[in-house]
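Student: Got a sequence here, can you build the structure:
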Amino acid sequence: MPLIPFNIPFLTGDEEPYMLDAMRSGKHCGNHGWGMKCIQHMKEKYGFHEVFLTPSGTAALEMGAMLGGLEPGDEVILPSYTFSSTANAVVLQGARPVFCEIEPNTMNIDPDRIEELVTPKTRMIIPIDYAGIPCELDRIRPIADRHGLTIMLDAAQSFGSRDRDGSWCGSATPLATFSFHETKNIGCGEGGALVVNRPDWVERAHFLQEKGTNRRLVLDGVRSKYGWVDKGSSFLLADILAAMLYAQLQHAEDIAARRKVVTDAYFHLFAPYEKAGHLRIPHPPQGVTLNHHAFFVIFNTSDHRQRFLASLRQWNVNAYIGYVPLHSFDKGRKLGYRAEDLPITEDLGSRVVRLPLYAGLAHDGLPYAVDSMSAVLKELYAE
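Tutor: Residues are numbered from 1 along each chain as shown. Just a heads-up that it's a prediction; the model follows:
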């Protein structure tokens, strides 16, 4: 019986020679040759103003929260249906996450529910692009503008997706973050990036990335020595990992095309069950271009979700439940939240499943995965 894991990292074949070159260069830390190649590629292709490669998407969020000026007592609006790193970046600055409801077509933040959460303490909105589906920035941005709020887009899952206006995800907000974890489309084991689209914030971003020093000014020939000028941390990606990342960036379209084969098969399989009212599948906003990072299914009951997952395991097919909403788990409860505070998020989170999806599945195992899911669905809804 074949084994279908939830994820297998994709290798293009260029990673090994690039990483060997980086190793032999003798320059292994951040912002050296291969890192500069990645940064230049991302700026030229995706229209980002400036890019800072970081050790992880988590680090990118933390650096962005610093750069956005969050302070103790501030409030930040974000969905509860996200990974803990999104909220931790806020908490680490002493600010308070204010959780907002999501909507079922995308599992992204519901723009209609944001403005009611704005208070005089609100400083930032952090929407996410769940499953690589762009959030509705055209509806979120006017709210931020009216109240003078910064948007930091958590685009951990949407590298290579495009919004309805054709802009690349991460190019149209003051701050945006990406993850290059091994589970993402483009990966280097661990890694991330902070995109800074405000020119007046770039210099300080360099200070924050370099442990709060103005070392960048020395490297640029502006100063003869550097010192401690701000808070910061070691928000740098090692050049050996940047070499691996560059190999992936060069093949981003091929990776997305392979993943599209999988999502197309899933859409075809699950659409009749959605039409029959048994479940829901993603409905991205019209006009967006997806990177095909993930495919989720929202079952009509949590019991059907559990039975689907259990039956799939018997076929050696590994699906995943998705996030446990942050507001109703341990840390969220300590912040004063109750499960009933966000009933839509709580309900959807209890019924959602993420299916196995990786580039290699398109050519090795997809028919078996689809046949297995089809058999489970027929049994599940036979009654």
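
Student: For S56, see how far away H28 is.
Tutor: Look at H28 and S56: by CB to CB, to the nearest Å, they are 18 Å apart. C-beta: built from backbone N, CA, C; applies to glycine.

Student: what's the answer for F178, then?
Tutor: For F178, the distance to S56 - CB to CB - is 10 Å.

Student: Repeat that for L249.
Tutor: L249 is 17 Å from S56, by CB to CB.

Student: And D138, by the same measure?
Tutor: 29 Å.

Student: In terms of neighbours, single out the busier of these two.
Tutor: Between D138 and S56, counted using other CB atoms under 10 Å, the more crowded position is S56 (21 against 14).

Student: and that one, what does it touch?
Tutor: S179, H181, E190, G191, G192 (CB atoms under 8 Å, 6 or more residues apart in numbering).

Student: Any idea what the first one is bridged to?
Tutor: Partner residues in beta bridges with S179, using DSSP bridges, are G192.

Student: count of neighbours near it?
Tutor: 29.

Student: ok, now which ones touch it?
Tutor: Residues in contact with S179 (CB under 8 Å, 6+ apart) are S56, G57, T58, A60, A156, Q157, G191, G192.

Student: I figured the fifth one hits I128, correct?
Tutor: Yes. Using CB atoms under 8 Å, A156 is in contact with I128, at 7.1 Å.

Student: Of those two, which one has the most company?
Tutor: A156 (29 against 24).

Student: Assign a three-state SS to A176, would you?
Tutor: At A176 the chain is in strand, as set by DSSP: H, G, I helix; E, B strand; the rest coil.

Student: So A144 sits against M152, correct?
Tutor: No. If you go by CB under 8 Å, A144 and M152 don't touch, sitting 10.3 Å apart.

Student: contacts for the helix or strand bottoming out on mean pLDDT in the chain?
Tutor: Least confident helix or strand of the chain, by mean pLDDT, DSSP states H and E, is helix 215-219 with a mean of 79. Under the contact criterion CB under 8 Å, 6+ apart, helix 215-219 has outside partners E203, H206, F207, E210, R223, S224, K225, Y226.

Student: cutoff 10 Å now
Tutor: Applying CB atoms under 10 Å, 6 or more residues apart in numbering, the contact partners of helix 215-219 are 31, 202-203, 205-207, 209-210, 222-227, 229.

Student: mind listing what's buried in stretch 307-324?
Tutor: For stretch 307-324, the neighbour count (16 or more other CB atoms under 10 Å) marks F308, L309, S311, L312, W315, V317, N318, A319, G322, Y323, V324 as buried.

Student: Next up, the contacts around the fifth one.
Tutor: With CB under 10 Å, 6+ apart as the criterion, the residues that contact W315 are M1, P2, L3, I4, Y368, A369, D371, S372, M373, A375, V376.

Student: Not counting sequence-adjacent ones, nearest residue to the third one?
Tutor: Right, L3. Among residues not flanking L3 along the chain, N316 sits closest, at 4.7 Å (CB to CB, 6 or more residues apart in numbering).

Student: correct me, but M66 touches V196?
Tutor: No. Counting by CB atoms under 10 Å, M66 stays clear of V196, with 11.8 Å between them.

Student: hey, what's in contact with both of those two?
Tutor: Overlap of the contact sets of M66 and V196 (by CB under 10 Å, 6+ apart) consists of R204, A205.

Student: Name the spans of the stretch 251-383 of the chain whose pLDDT lies under the cut-off.
Tutor: Across the stretch 251-383 of the chain, the ranges flagged by pLDDT under 70 are 383.

Student: Alpha carbons only: can I get the least confident helix or strand of the chain in CSV?
Tutor: Provided in CSV are the C-alpha atoms of helix 215-219 (Å, rounded to 0.1, in the frame of the first residue of the first chain):
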residue,chain,number,x,y,z
ARG,A,215,26.7,48.2,10.6
ARG,A,216,25.0,48.6,7.3
LEU,A,217,26.2,52.2,7.0
VAL,A,218,29.8,51.0,7.4
LEU,A,219,29.3,48.3,4.7
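
Student: okay, and the common contacts of A156 and I128?
Tutor: With CB under 10 Å, 6+ apart as the test, A156 and I128 both reach T82, F83, T86, T177.

Student: For the nearest residue to the last one once chain neighbours are set aside, give its distance to L290.
Tutor: Ranked by CB to CB, 6+ apart and with sequence neighbours excluded, the top spatial neighbour of T177 is A60, at 3.9 Å. Here A60 is placed at a distance of 22 Å from L290 (CB to CB).

Student: Neighbour count for those two, which is higher?
Tutor: Neighbour count, other CB under 10 Å: between A60 and L290, A60 has more, with 32 against 22.
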